[in-house]
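> For reference, the sequence and a predicted model appear below.
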Amino acid sequence: MTQRRFTGWHMTGILVAFFAVVIGVNLFMAREAVGTFGGTVVENSYVASQRFNHWLDKANAQKDLGWTVTATLSGDRHVAVYAKAQGAALDDAVVSAIVRHPLGRAPEQQLAFQASQGQWISSAPLPPGRWLVHLTITQGADRYQVIEALQ
């Protein structure tokens, strides 16, 4: 049995194949990253940083309300919202929501809610897929905002 020698051509072939795979994977990943990102997180990061303390103050005031808010998706894809303050349902609150696709691939939609036995049910179902539900619950001068991811 004769052994074949490892020559410079073999090494050249290995290097070319290695870098072809690396470059091919990088091109594929770059194309997927650009093709699947639907927008920006904030329009201007400097302005967002200036508003950060205001957002923290609003979050602390909202936490001081002591409200517990939960949003779920029913089997027929209607959004159900449950809101309580110190264990009691917020029966006289007003609930509104805007739903957005996480990557901005679908247009945002406004949801209307109807109160029903301590919960609020959306009038229209959500289309299939993942959605971010931006809930706003208002009771008198108190306002509670939360973002829930539903699928």
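Thanks, I have the structure now.

> Show me what whatever helix or strand residue 120 lives in is packed up against.
Residue 120 belongs to strand 119-122 when assigned by DSSP states H and E. In terms of contacts (3 or more CB pairs under 8 Å, 6 or more residues apart in numbering; DSSP states H and E), strand 119-122 is packed against strand 79-85, strand 113-116. Using the backbone N, CA and C atoms, a C-beta is placed for each residue, glycine as well.

> Tell me which helix or strand comes right after that strand.
The C-terminal neighbour of strand 119-122 among helices and strands, as given by DSSP H and E, is strand 131-139.

> quick one: the strand holding residue 120 to chain centroid distance?
21 Å (CA atoms, centre = their mean, to the nearest Å).

> mind listing what's buried in that strand?
Judged by neighbour count using 16 or more other CB atoms under 10 Å, the buried positions of strand 119-122 are 119, 120, 122.

> from those residues, which single one is nearest residue 58?
Nearest to residue 58 among the buried residues of strand 119-122 is residue 120, at 22.2 Å by CB to CB.
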